[in-house]
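# Coordinates for the following, if possible.
(one chain, ligands or ions: 1)
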Amino acid sequence: MSQLRELDTYQRYLRQLFHADDEELQRLQAEAEAAGLPPISIGPEQGKFLQVLIVLTRARKVLEIGTLGGYSGAWMARALPPDGRLISLELEEPHAAFARRQWAQMGLEGKCQVRIGPALETLPHLADEAPFDLVFIDADKENYPAYLEWAITYSRPGTVIVGDNVALGGRLVDPESREEAWVQGMRRFVERLSQDPRLISTVVPYPDGLALAVVR
Ligand SMILES: C[S@@+](CC[C@H](N)C(=O)[O-])C[C@H]1O[C@@H](n2cnc3c(N)ncnc32)[C@H](O)[C@@H]1O
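Numbering: from 1, shown residues only. Model (predicted):
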């Protein structure tokens, strides 16, 4: 058996035990596919990981950059306390509308809001809602360094910052992809994350590299 197949078996085993999507989350994903949304959401492993972080830090206010169909938002909102709030930023109006419908069907509309527009334009309007307890960055990779700076601006000591897709499916360290804008953006993001004295940071390599930082 190859190493990959062994890993797949291991991942399947863990998913069954810890990370299984329930019917509502499966329905969300099936309807997202049917609606033609790109299949680029997090997986259940990251969803559960975000939930653990939310409970661990007793987070009440979460900021997400990159809503898509609301899948990661649903995972996070479910882990928030009844008075918890998720603000999610999304460029595409149809994605935002889809997420709102899904959250309403799941009874999460009271906890989740989506703000439409390029995140670099919506972020400056969030000062009144700050500080956030957790910021999840999962949108255009070119702007990850700027999103990191906003996340720190809207933080307090102890705020957790998470960034998905550090590995970019292997392209982060592929010499042939070095010139691509998203690779350069991600490299700047991880380099800043590793060096910024305001943070203590690491990258969880699995599944596609999950950057994890805590504001000092
Ligand atoms: C990887 S998907 C987010 C997946 C979502 N977090 C999940 O796991 O369910 C990235 C999303 O970011 C949005 N996006 C891309 N560029 C953006 C920008 N400049 N501002 C806000 N959202 C953006 C895309 O339209 C897309 O819906």
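# Can you verify my assumption that residue 180 contacts residue 169?
No. Look at residue 180 against residue 169 with CB atoms under 8 Å: they stay out of range, at 11.9 Å. (Glycine included, C-beta is placed from N, CA and C.)
# Isn't residue 24 up against residue 74?
Yes. Between residue 24 and residue 74 there is a contact under CB under 8 Å: 7.5 Å.
# can you give me the strands for this structure?
With DSSP state E as the criterion, the chain has strands at 61-65, 85-90, 112-116, 134-137, 160-164, 199-204, 210-215.
# how close does the nearest residue to residue 98 once chain neighbours are set aside sit to residue 26?
Counting by CB to CB, 6 or more residues apart in numbering, residue 98 lies nearest to residue 69, which is 5.0 Å off, once chain neighbours are set aside. As judged by CB to CB, to the nearest Å, residue 69 and residue 26 stand 13 Å apart.
# what's the closest residue to residue 131 other than its chain neighbours sitting at in phi/psi?
Of all residues not flanking residue 131 in the chain, residue 156 sits nearest, at 4.0 Å (CB to CB, 6+ apart). Backbone torsions for residue 156, taken as degrees, to the nearest 10, come to phi -140, psi 170.
# so where's the chain shaky on pLDDT?
Scanning the chain with the threshold set as pLDDT under 70 gives 1-7.
# Quick one: name the residues of it near the ligand.
Residues of the chain lying close to the ligand by CB under 6 Å from any ligand atom are 40-42, 66-69, 71-72, 89-92, 95, 118-119, 138-140.
# For PyMOL, what selects the buried ones among those residues?
Per 16 or more other CB atoms under 10 Å, the buried members of the residues of the chain next to the ligand correspond to this PyMOL selection:
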select buried, resi 41+42+66+67+68+69+71+72+89+90+91+95+119+138+139+140
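# who's in contact with the residue nearest to residue 98?
Applying CB atoms under 8 Å, 6 or more residues apart in numbering to residue 69 gives the contacts 28-29, 31-32, 35, 37, 41, 95, 98-99, 102.
# With residue 88 instead?
63-67, 70, 73, 99, 112-115.
# and what of residue 128?
Taking CB under 8 Å, 6+ apart as the definition, residue 128 has no contacts.
# how near is it to the ligand?
20 Å (CB to the nearest ligand atom, to the nearest Å).
# and the angle from the lengthiest helix in the chain to strand 160-164?
Longest helix in the chain, counting residues (DSSP state H): helix 181-195. Orientation check (axes from the mean of the first three to the mean of the last three CA atoms, to 10 degrees): helix 181-195 against strand 160-164 gives 150 degrees.
# Any buried residues in helix 181-195, and which?
For helix 181-195, burial by neighbour count (16+ other CB under 10 Å) applies to 182-183, 185-190, 192-193.
# Can you tell me what sits against stretch 140-151?
63, 65-66, 91, 119-120, 123, 132, 135, 137, 139, 159, 161, 163, 165, 168, 181-186, 188-189, 192-193.
# Just the helices from the protein, written as ranges.
Assigned by DSSP H, the helices in the chain fall at 3-14, 23-34, 44-56, 71-79, 93-105, 119-122, 144-153, 181-195.
# Which strands and helices lie in contact with the third one?
Put plainly, it is helix 44-56. Contacting helix 44-56 under the criterion 3 or more CB pairs under 8 Å, 6 or more residues apart in numbering; DSSP states H and E are the following elements: helix 71-79, strand 134-137, strand 160-164, strand 210-215.
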